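Trainee: this one's sequence-less:
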């Protein structure tokens, strides 16, 4: 993605690290933009399944605005969460004029056992290089500037 942006005279920053959640992504992007004096025109956040689970069971925003780790664990079914909330994500984005790209859809175009071996690290919810490429290509097809 950064290489494609550079070809178009744009910049792309990878602000991701392990074990993040949407609330932390928001904070990190805002802090980086303020520190670097940037005015962000577009943002792409690639949530993987572990980010969604982390946001649901690990991290929460405290009353003072800080992000804390939850000390108690409760059961959470990521798949059920996605099925139950995907329409909500789309509606939230549409109501705020935010373009929503379904990055999960291309992973369902192959048989499940093939997709798991090809696009995901064995025994993990994170992508292989081919999985990252597939997600980028979906973004490119979605009328992205890349």
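Mentor: Nice, thanks for sending it over. Values in this document were obtained by computation on a predicted structure and should not be read as measured data.
Trainee: So, low pLDDT: which residues of the protein?
Mentor: 14-22, 47-53, 55-56, 71-86, 144-146 (pLDDT under 70).
Trainee: can you give me the helices in it?
Mentor: 2-7, 22-36, 49-57, 78-95, 112-119, 129-141 (DSSP state H).
Trainee: Include distance to residue 42 when you put these into JSON lines, please.
Mentor: Where you see a C-beta, it was placed from the backbone N, CA and C, and this is true even at glycine. What follows is the helices of the chain, written out as JSON lines (distance: least, C-beta to C-beta, whole Å):
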{"stretch": "helix 2-7", "distance to residue 42": "10"}
{"stretch": "helix 22-36", "distance to residue 42": "11"}
{"stretch": "helix 49-57", "distance to residue 42": "19"}
{"stretch": "helix 78-95", "distance to residue 42": "13"}
{"stretch": "helix 112-119", "distance to residue 42": "25"}
{"stretch": "helix 129-141", "distance to residue 42": "11"}
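Trainee: Please identify the deepest-packed of those.
Mentor: Highest mean neighbour count of these: helix 49-57, a mean of 18 (counted as mean count of other C-beta atoms under 10 Å).
Trainee: hang on, the earlier thing: for residue 67, find the nearest of the helices of the chain.
Mentor: helix 22-36 (5.7 Å; C-beta to C-beta).
Trainee: Report the buried residues of stretch 99-114.
Mentor: For stretch 99-114, burial by neighbour count (16 or more other C-beta atoms under 10 Å) applies to 101, 103, 106, 107.
Trainee: Kindly report the same for stretch 58-66.
Mentor: 58, 59.
Trainee: Just the terminal-to-terminal distance for it.
Mentor: Distance between the two ends of stretch 58-66: 14 Å, counting by C-alpha to C-alpha, to the nearest Å.
Trainee: Pull the distance from that stretch to the chain's centre.
Mentor: 19 Å (C-alpha atoms, centre = their mean, to the nearest Å).
Trainee: go on, stretch 125-142?
Mentor: For stretch 125-142, the distance to the chain centre is 11 Å (C-alpha atoms, centre = their mean).
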